[in-house]
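> Output the structure for:
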Amino acid sequence: MSQTKKDENVTVGVQMDVALINVLKAPKNLRAKIPWYYAPVFLLLWVALFFAVVVPLFDRLPDSVTIAEELEKSGEFVAERAQRLLYDFDRIGPKVVGSIANEELTVAFLLAEVANVRESMRDDLYNLEVDVQRSSGAYMHWNMVNMYQGVQNVVVKLSTRLSPSESYLLVNSHFDSKPGSPGTGDDGTMVIVMLEVLRQLAISDQTFEHPVVFLFNGAEENPLQASHGFITNHKWAKNCKALVNLEVAGSGGRDLLFQGGPNHPWLMKYYKNNAKHPFATTMAEEIFQSGILPSDTDFRIFRDYGHVPGLDIAQVSNGYVYHTIFDNYDAVPRDSLQNAGENVLPLVRAFANASELYDIEAHKEGHAVFFDFLGLFFVYYRASTGIILNSCVAALSLSLVCVSLWRMARVSEQSVCRIYIWFGILLALHVLGMILCVGLPLLMAVMFDAGDRSLTYFTHIWLMIGLFICPAIIGLVLPTTLYYSFRKKLDISHAYHLQISLHAHSVVLSLFAIVLTAISLRTPYLCMISTLFYSAALLINLLSSLHDRGYYWVLITQIFQLMPFFYFCSLFYMFLVIFIPMMGRNGSSINPDLLVSAICAVGTFFAFGFLSPLINMFRWSKFVMLSLGIITFIFSMIAISDVGFPYRAKTSVMRVNFLHVRRIFYEYDGSVSLDDSGYYFDFQDRRLFHPLEDTSVNLTGLHNIKEDCDKHLMCGVPCFNHRWCKARTTGHWLAREEEVTIPGNTSLILLAKTILPSGSTVRYEFELSGPPHMVLFIQPLEGVAVEDWSFIRNMLDQPDDYTLPYQIFFSYGKNNSPLRFHIDFVKSDRIFDVPIFELGVSWHYLSYDYKRDPTGLKFINDFPDFVHVMEWPTLYKRYVF
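Prediction:
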């Protein structure tokens, strides 16, 4: 924090203190309030603290270590060397599974760097083994069979020569990327971090007990195939007892621990003791595991298929470049590499010496509650401890509120019953305020969406102050403000009334803590923190008699609210940093402003819950509410101007996904009922195609495909994976006159049609070949069911969990041999010389190994500079057999 900002904060604080003291020195007056002109000072104080303390600490990164400093900083992570490797990684370009860049160039790059590590390694201390795994397999990924063949992993095991341990630590990242993106941040950053960590371990004279397996996996974006191939097929997999999974959901910034365990709280002990820059929260874990985020990581595969506990860590800043062409070398600050390295290197060293790895089942003890405070320190405890802690703090808070109310009755010579009546009134008003605190921002979200103005804050995050945070404060305070304005008679002081309103907030938080803890959530630690600090302030006020001396208690309360305020602002600011870029790729079916406004509302409730009621200690508090309303109006006008246009070139782009599609629909007799070409769009955010209107790209004829869903299999489009298929009813089609040129050979051959001995089942055998990504859609016709097939049987054995048509996603890395498969259909009438099923087959040419035709290239180039397109040619054929 600069000295100037410190001086400004001190000045503001002194002004507030002087104002309070002047009121306290005045003759006793039940209605005494502080002059109105101090209200803006009060509010600006907290805004200034946010920008002077929270934001700088959130953005803080360590100074990077250079190669020149390596001798004097022996054993430390060297970011300069890592950055040089990252540059070479970036130059390879997009690394799509099956492409030359991914399967040959990147694998060669990794093997060369591992060879460099071997050259500098302490051969007398360590043994280094390298294995390039090519794996095949399948598993269910949400609603599709995810099938892979010959995907590659570069697996490196570093072990101490004299160690007999057969328990391994697994460290994972992936080197493949989305089409069009070099993947330098996601996940090249962590690939390079792992290489430098490997080097530091290999040259160190500090040996470790357990071997460390570094898994550079080559098919995470496919999704999650290579990690599944390793944990189910690799020779070292069964020995892996703990995991550090390294991901990136943006580019640069700090790395967030957002999942741990499960059921292994000892992992948090090692994170606490060894992570130099802690950044973590249980709330992120519960949100991520709820499934509301459009993301998944290899952590789930290792957990579900290998039962390997661990830590899931990801960089989360600058999510605007995630999966775009701008996720490149220039977007990754060197200091962010240092931050990651200074966390990962000591963590790996600690886990590699952890006695728990010998028998992890003996240390399986339930979940953990964990969080950091502004990156300064880390707190964790077991979930069972959290239940006791939440309950005890809630009980303490409720008890202190009761004591306070009894004290008010005694000092003011009012009956306890009457005090409780006033408390009941203010509690009801506070509950109403809480509803308005959430409701008003949500109303703003609905109104902006109704006017086609969602995502106005996408580039300018500061707009949310006026759009959502000010309405939340208004809603939280307005009911009590109106109550204080229209009450006629005062039997107790206004200062007591303010205390009661804060007591109401404490009671609400205590009840939340009890209820949410009872349903086995760990996030109620937020309520515990808030009530703990308020209870501490209340206890001091009660013991020191400040409780009954006008507004003196406000000073203690504000002092004790500093830490909760800093923590809650940092926490919810983090969520906004993560979620806002995600709203640009969350699909069009959900209003993103609802989620963002809800985050702002809940954050305001926690950060300002004990502060905003103090607005009512100033005169003319209604005008403070009016001023906040005016701020909301001004920000709304800014938001609907050009400033509120969501996208900016290079920094916060609009994502447009589309396929260059050639469609051919064959009927049962072999005739062709449809043969056309066009662009199939899967728009990524709420605004759909509207920002592209009146731009250089010609979208004349673009229409929604929902009406085709009743006529054609999969709405007549080759949706790529489960996400595309889930959102296919919101897809759009734009016809083109020129036939799309398919840049490769494709084949689907019916090898045999055989009636099986039962007489009621017919088997179709096929051979499929083509590019590294192909998708099958299988739709039995009326009276027909799939009895068996050569794919995994989950869909057939659990029919209630999956819906027709069946989707089979197939991809390959180095092994491009044709896929042979069969499907058995059962039909009760045993008549098989009629149509039995529809089969959709799509061949996807994702990588730039395959050329786009001139018409497609011109169409791509017509998009404005604020758009990032992810596209590729696709051949889609629909058959009736």
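
> rest of the way, CA atoms for contacts and neighbours
Fine.

> Quick check: closest non-adjacent residue to Leu611.
Leaving aside its sequence neighbours, Leu611 sits nearest to Gln558 (C-alpha to C-alpha, 6 or more residues apart in numbering; 7.4 Å).

> Can you tell me the SS state at the one you found?
helix (DSSP: H, G, I helix; E, B strand; the rest coil).

> repeat for Glu166
Applying three-state DSSP: Glu166 is coil.

> Show the contacting residues for the spatially closest residue to it that is not a sequence neighbour.
With sequence-adjacent residues excluded and distances taken as C-alpha to C-alpha, 6+ apart, Glu166 is closest to Asn239, at 6.3 Å. By C-alpha atoms under 8 Å, 6 or more residues apart in numbering, Asn239 lies in contact with 166-168.

> what does Thr297 give?
220, 224, 247.

> List the ones among the residues you listed that fall in strands.
Assigned to strands by DSSP state E, the following of the contacts of Thr297 qualify: Glu247.

> Which one of the contacts of Thr297 is nearest to Ile630?
If you rank the contacts of Thr297 by distance to Ile630 using C-alpha to C-alpha, Glu247 comes first, at 42.6 Å.

> what's the closest residue to the closest one other than its chain neighbours sitting at in phi/psi?
Closest residue to Glu247 apart from its sequence neighbours, by C-alpha to C-alpha, 6+ apart: Ala314 at 4.3 Å. The phi and psi values for Ala314, taken as degrees, to the nearest 10, are phi -150, psi 140.

> how near is Ala314 to His264?
Relative to His264, Ala314 is positioned 20 Å away (C-alpha to C-alpha, to the nearest Å).

> more crowded one of the two?
Ala314 (26 against 22; other C-alpha atoms under 10 Å).

> Now list the buried members of the contacts of Asn239.
Buried by 16 or more other C-alpha atoms under 10 Å: 167-168, out of the contacts of Asn239.

> Would you format the contacts of Asn239 as a markdown table with pLDDT and distance to Leu400 included?
What follows is the contacts of Asn239, written out as a markdown table (pLDDT from 0 to 100; distance: C-alpha to C-alpha, whole Å):
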| residue | pLDDT | distance to Leu400 |
| --- | --- | --- |
| Glu166 | 97 | 55 |
| Ser167 | 98 | 51 |
| Tyr168 | 98 | 51 |
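
> just the contacts of Asn239 now: which is nearest Phe58?
Once C-alpha to C-alpha is applied, the member of the contacts of Asn239 that ends up nearest Phe58 is Tyr168, at 34.0 Å.

> Could you check how far that closest one is from Val212?
6 Å.

> same thing with Leu198?
Leu198 is 9 Å from Val212, by C-alpha to C-alpha.

> now swap in Pro646 and tell me
Applying C-alpha to C-alpha, the value for Pro646 to Val212 is 45 Å.

> mind checking pLDDT for Asn9?
Per-residue pLDDT puts Asn9 at 49.

> Adding distance to Phe572, write the contacts of Asn239 out as JSON lines.
Converted to JSON lines, the contacts of Asn239 look like this (distance: C-alpha to C-alpha, whole Å):
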{"residue": "Glu166", "distance to Phe572": "42"}
{"residue": "Ser167", "distance to Phe572": "39"}
{"residue": "Tyr168", "distance to Phe572": "37"}
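
> residue ranges for the strands of the stretch 751-881 of the chain, please.
With DSSP state E, counting those that start in this stretch as the criterion, the stretch 751-881 of the chain has strands at 761-769, 773-780, 784-789, 806-812, 819-827, 837-844, 867-880.

> Out of those, which gets nearest to Leu478?
Across the strands of the stretch 751-881 of the chain, the minimum distance to Leu478, taken as C-alpha to C-alpha, is reached by strand 867-880, at 42.2 Å.

> which of Pro646 and Val212 has more neighbours?
Using other C-alpha under 10 Å, the more surrounded residue of Pro646 and Val212 is Val212, with 27 against 22.

> Stretch 758-774: which residues count as buried?
By neighbour count with 16+ other C-alpha under 10 Å, stretch 758-774 contains the buried residues 761-766, 768-774.

> Mind exporting the C-alpha coordinates of it to CSV?
The C-alpha coordinates for stretch 758-774 follow below in CSV (Å, rounded to 0.1, in the frame of the first residue of the first chain):
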residue,chain,number,x,y,z
SER,A,758,-32.2,-66.2,-30.8
GLY,A,759,-34.1,-65.1,-33.9
SER,A,760,-35.1,-61.8,-32.2
THR,A,761,-31.8,-60.1,-32.4
VAL,A,762,-29.9,-58.8,-35.4
ARG,A,763,-26.2,-57.7,-35.3
TYR,A,764,-24.7,-55.0,-37.5
GLU,A,765,-21.0,-54.9,-37.8
PHE,A,766,-19.2,-51.8,-39.0
GLU,A,767,-15.7,-50.4,-39.7
LEU,A,768,-15.1,-46.6,-39.2
SER,A,769,-12.1,-44.6,-40.3
GLY,A,770,-11.3,-41.0,-40.7
PRO,A,771,-9.7,-38.1,-38.8
PRO,A,772,-8.7,-38.2,-35.1
HIS,A,773,-12.2,-37.1,-33.9
MET,A,774,-15.3,-39.0,-34.9
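
> Against which helices or strands is the longest helix seen in the chain packed?
When the chain is parsed with DSSP state H, its longest helix is helix 416-450. In this structure, helix 416-450 packs against helix 383-412, helix 470-486, helix 494-518, helix 592-608, with contacts taken as 3 or more C-alpha pairs under 8 Å, 6 or more residues apart in numbering; DSSP states H and E.

> what angle separates the third one from helix 383-412?
Per axes from the mean of the first three to the mean of the last three C-alpha atoms, to 10 degrees, the angle that helix 494-518 makes with helix 383-412 is 160 degrees.

> quick one, helix 494-518 and helix 592-608 angle?
Taking the same axes, to 10 degrees, helix 494-518 and helix 592-608 form an angle of 120 degrees between their directions.

> which is the next helix or strand following helix 494-518?
Toward the C-terminal end, the helix or strand that comes next after helix 494-518 (DSSP states H and E) is helix 525-544.

> Same check on the last one?
Going down the chain from helix 592-608, the next helix or strand is helix 621-639, by DSSP H and E.

> got a list of what the closest residue to Leu389 other than its chain neighbours touches?
Counting by C-alpha to C-alpha, 6+ apart, Met528 is the residue found nearest to Leu389 once chain neighbours are left out, at 7.7 Å. By C-alpha under 8 Å, 6+ apart, the contact list for Met528 reads 389-390, 393-394, 509-510, 513.

> ok, 10 Å please
Residues in contact with Met528, defined by C-alpha atoms under 10 Å, 6 or more residues apart in numbering, are 386, 389-394, 397, 506, 509-510, 512-514, 534.

> Phe208: which of these is nearest?
Gly386 (33.6 Å).

> For burial, what's the neighbour tally of the closest one?
Residues near Gly386, counting by other C-alpha under 10 Å: 23.

> Kindly report the same for the one 10 residues further on.
By the criterion of other C-alpha under 10 Å, Leu396 has 18 neighbours.

> Show the pLDDT at the nearest residue to it once chain neighbours are set aside.
Distances taken as C-alpha to C-alpha, 6+ apart put Ser535 closest to Leu396, at 7.4 Å, once the chain neighbours are dropped. Listed pLDDT for Ser535 reads 98.

> residue ranges of the helices in the stretch 651-800 of the chain, please?
722-726, 794-797 (DSSP state H, counting those that start in this stretch).

> Oh, that last question was meant for the stretch 201-350 of the chain, not what I typed.
Using DSSP H, counting those that start in this stretch, the helices of the stretch 201-350 of the chain run over 225-233, 266-274, 282-290, 298-306, 334-351.

> Need those helices in a markdown table (columns: distance to Ile92, mean pLDDT and mean neighbour count).
Formatted as a markdown table, the helices of the stretch 201-350 of the chain follow (distance: least, C-alpha to C-alpha, whole Å; pLDDT from 0 to 100; neighbours: other C-alpha atoms under 10 Å):
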| stretch | distance to Ile92 | mean pLDDT | mean neighbour count |
| --- | --- | --- | --- |
| helix 225-233 | 20 | 98 | 25 |
| helix 266-274 | 34 | 97 | 20 |
| helix 282-290 | 32 | 87 | 17 |
| helix 298-306 | 23 | 96 | 19 |
| helix 334-351 | 19 | 98 | 24 |
